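Novice: Structure here, sequence nowhere to be found:
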């Protein structure tokens, strides 16, 4: 009769577990020991985030007006490009008509 031994388990850090920054700081910061010590960890938020657990964005109130402003500029540029293309098309047509009239061709349809 043979007895099986349990396989030895790896001791130490399990890198598959979520880190404090992933869980407590919502993956938007790193956990740090507070200044002056203490048992609880505090979040050191990444650029653009704030709050006790990095849950708020710094520019939260600006995001919608900024998005609308950028969208307005893009639409304006597209409209101006369309108008510019139409003007160029008319100018080319006039030049062709003038060149044809100068050589005696009648392009009027």
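Specialist: Alright, I've got the coordinates. A quick note: this is a predicted structure, and the numbers were derived from the prediction, not measured.
Novice: Give me the three-state assignment for residue 52.
Specialist: coil (DSSP: H, G, I helix; E, B strand; the rest coil).
Novice: From residue 79, how far out is it?
Specialist: Separation of residue 52 from residue 79 (CB to CB, to the nearest Å): 46 Å. For glycine as for every other residue, the C-beta is placed from the backbone atoms N, C-alpha and C.
Novice: ok, now residue 47?
Specialist: Shown here: residue 47 relative to residue 79, a distance of 35 Å by CB to CB.
Novice: what about the two, which has more around it?
Specialist: Ranked by neighbour count (other CB atoms under 10 Å), residue 47 and residue 79 place residue 79 first, with 10 against 7.
Novice: Find me the pLDDT at that one, would you?
Specialist: If you check residue 79, the pLDDT there is 98.
Novice: For it, identify the helix or strand it belongs to.
Specialist: helix 63-102 (DSSP states H and E).
Novice: Neighbours of residue 59, how many?
Specialist: When neighbours are counted by other CB under 10 Å, residue 59 registers 8.
Novice: show me what contacts the closest residue in space to it that isn't next to it in sequence?
Specialist: Distance criterion CB to CB, 6 or more residues apart in numbering; nearest residue to residue 59, sequence neighbours excluded, is residue 48 at 7.1 Å. Residues near residue 48 by CB atoms under 8 Å, 6 or more residues apart in numbering: 57-59.
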